[in-house]
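A.B. asks: 3D model of this:
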Amino acid sequence: MAYFAMRLLHISTMHVRFMGMVALVGVAYGVVVLKEASYLRLPNRNGQYVVNSRTARESAYDDARSYLYVVGRDTAMLHIISLADPANPQEVYTHNFDVAADGRPLDVELCRAAGVTPTLAVTFDGQDSVAFEGHLVLYNLFESSSDTLTPLNPTDPRITVGAHPDNMKFTSDCRRLVVSNEGEPRVVEGTFYDPEGTVSVVTFSTTPGAIPTVTTIDFRKFDEQSELVPILDKGVRYWLRRDPNDPSNIIQFSQNVEPEYVAISPSNGFAYITLQENNAIARIDLENSVITSLYAMGNKSWEFLTLDASDRDNGIAMASRKIRSLYQPDKVAFFTWGADIPYLVTTDEGRPTNIPGVTFQDYARAASLNWNIDDATLGSELTNSAELGRLYVSNVDGFDDTPNVPYAFGGRGFSIWNTQSMERTWESGDELERYSRQHFPTTFNGNCATFSQTPAQEMDARSTWMGPEPNSVAVGNFNGRTVLVIGSGRNGMLFVYTLQPNVNNPTPEFQSVHRAGEIDATWENLYAREDMGDAIISDIKFSSSGTPKVIVTSEASGSVSVYTLVDETWPATEL
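C.D. replies: Numbers count the residues shown, from 1 in each chain. Coordinates of the predicted model:
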């Protein structure tokens, strides 16, 4: 097995909110650094190792048995990997799902709790071209490598949920499973469909052998103008209102809403679900199975921050711009702070949307749009390819304002939210982009899309989209500190932050950034020699038990990376 060369490139900063100022500290001191323990590629259905097979998408980790469960959507597989020795992971079981019967797996989760059968859940996108029903299947957890994958209820294993069940989370007592049904729009045999976005709450009985009940929570109440207008006024997006093939057919908000990722409150009383395309978060009361609130995530001003908005600016050119961007959070996680106050951390990735099969997309290059702008400098930048002209911006937001307001996609960072007030208490500004520029300039805002190219050749390619594209987060504890690990989806960077102690509001402090893999060959060749790194990170898990470790699942490299955490004296090497 080939391991990546270790890169200890990290820096300590003083975070100055929204100003993007870095204080370089002259005195060396310890910071938290990721150290590569192992790397494992996962085979496709034919047992072959092929770049971009998408063998790994979502994961679940069983601390009690040190088994990692990984599903690959495109390959319709489940991989079970023993991490009993983090330096030597072993794939102990592989299962190929029946695509024709089951559809493709979207997510995997597990739960262990006192008095409850240890359970593994896998969600599947449905195959019915009209109903679009998804389902999930519950399995027994592996207790040893001699086990096989067996459903809890083999005679009738399917539990029906909503359309495209993209994500799910168990409550900590394993009594409920919350499933977000994204309801993605699609075209089937020339007809456009936009299934409702819903949330399914699966409740497990305390009676052994009893069948779980399913409660479906929909968003139909927001179709009423009395409910819809207030949330739109607050900034919730309603981005597709009519059938692209038949404009006389109205798409209701309940169809347009797109539930994405789930976080469960520490009390198990509430679920918070990102509605990424809608730039919102839904709060659901799990005791009463009702939506209590939709919170708009707002937008971000770049007037006093910097970003790189072009791939034709001769490299890296970060500058302040008089534009805004939609946060559109993707993954979300809970942690508690102070007097057990629950907080959320969101990865503000962004999500421009196009729908295959119809001529609809909610974005365009800035230079291709007609702007009513009274700022001559901004107007010029919006037509200049080296400035803002190639930036993808919304073509449905900001045009009702006079003058128009250009909205890009994604916050290019992450946010902290106090769930008692649902106020954003901290936001990373332009830090991720600046640390990428400083420590890994050859893959800054890089892509992983053309596998005959090198990572360096795809450098800067995502600047016109969403820059570093943070899309994954894990929270854990290390040496008495709360640690956040943020994954940058396209360029494979992992940003490590700790929460500053002895402050009222949790304040992340940058520790280090890590990028595994090499850049001296094409993606295909790097994959073949196991030097591709974490290409298109899709999930991160943090295990605080035993030796704390971070487990990274990546789609394009079809890989699982295991990292340990260490306190290192900075700088270990001169930059």
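
A.B. asks: okay, now residue 267: neighbour count?
C.D. replies: By the measure other Cβ atoms under 10 Å, the count of residues near residue 267 is 11. Backbone N, C-alpha and C define where each C-beta goes, glycine included.

A.B. asks: How much space separates it from residue 286?
C.D. replies: Distance from residue 267 to residue 286, counting by Cβ to Cβ, to the nearest Å: 10 Å.

A.B. asks: What of residue 259?
C.D. replies: 15 Å.

A.B. asks: More neighbours: these two, which one.
C.D. replies: Neighbours of residue 259 and residue 286, each counted by other Cβ under 10 Å, are more numerous for residue 259; the result is 31 against 22.

A.B. asks: My guess is that one contacts residue 182. True?
C.D. replies: Yes - counting by Cβ atoms under 8 Å, residue 259 touches residue 182, with 5.8 Å between them.

A.B. asks: Which neighbours do those two have in common?
C.D. replies: 166, 197 (Cβ atoms under 8 Å, 6 or more residues apart in numbering).

A.B. asks: Is residue 379 part of a helix or strand, or is it coil?
C.D. replies: helix (DSSP: H, G, I helix; E, B strand; the rest coil).

A.B. asks: Can you report how many residues lie near it?
C.D. replies: Other residues near residue 379 come to 16 when the count uses other Cβ under 10 Å.

A.B. asks: From residue 516, how far out is residue 112?
C.D. replies: In terms of Cβ to Cβ, residue 112 sits 30 Å off from residue 516.

A.B. asks: So which other helices or strands are in contact with the helix or strand containing residue 108?
C.D. replies: Using DSSP states H and E, residue 108 sits in strand 105-111. If contacts are counted by 3 or more Cβ pairs under 8 Å, 6 or more residues apart in numbering; DSSP states H and E, strand 105-111 sits against strand 58-62, strand 67-72, strand 77-82, strand 119-124, strand 165-170.

A.B. asks: and if we set it to 6 Å?
C.D. replies: Here strand 105-111 touches strand 58-62, strand 67-72, strand 119-124, strand 165-170, going by 3 or more Cβ pairs under 6 Å, 6 or more residues apart in numbering; DSSP states H and E.

A.B. asks: pLDDT (mean, whole number) over it?
C.D. replies: The pLDDT scores in strand 105-111 average 98.

A.B. asks: Equivalent analysis for stretch 278-295, please.
C.D. replies: Computed over stretch 278-295, the average pLDDT equals 97.

A.B. asks: Would you mind measuring the gap between the ends of that stretch?
C.D. replies: Chord length of stretch 278-295, first to last residue, is 10 Å (Cα to Cα, to the nearest Å).

A.B. asks: mind listing what residue 260 touches?
C.D. replies: 274, 276 (Cβ atoms under 6 Å, 6 or more residues apart in numbering).

A.B. asks: Surely it is in a helix?
C.D. replies: No - read with three-state DSSP, residue 260 is coil and lies in no helix.

A.B. asks: if we can go back for a sec, residue 112 and residue 516 - which one has more neighbours?
C.D. replies: Neighbour comparison, residue 112 and residue 516: the larger count goes to residue 516, with 26 against 16 (by other Cβ under 10 Å).

A.B. asks: pretty sure that one contacts residue 533?
C.D. replies: Yes - the criterion here is Cβ atoms under 6 Å, and residue 516 meets it with residue 533 at 3.8 Å.

A.B. asks: Setting the sequence-adjacent residues aside, check what's closest to residue 258.
C.D. replies: Nearest residue to residue 258, sequence neighbours excluded (Cβ to Cβ, 6 or more residues apart in numbering): residue 277, at 4.5 Å.

A.B. asks: if I look at the one you found, how far off is residue 321?
C.D. replies: 23 Å.

A.B. asks: Please say which of these two ends up with more neighbours.
C.D. replies: residue 277 (26 against 23).

A.B. asks: In contact with the more buried one: list those residues for me.
C.D. replies: Contacts of residue 277 (Cβ under 6 Å, 6+ apart): 258, 351, 353.

A.B. asks: Also residue 556?
C.D. replies: Contacts of residue 556 (Cβ under 6 Å, 6+ apart): 52, 448, 535, 536.
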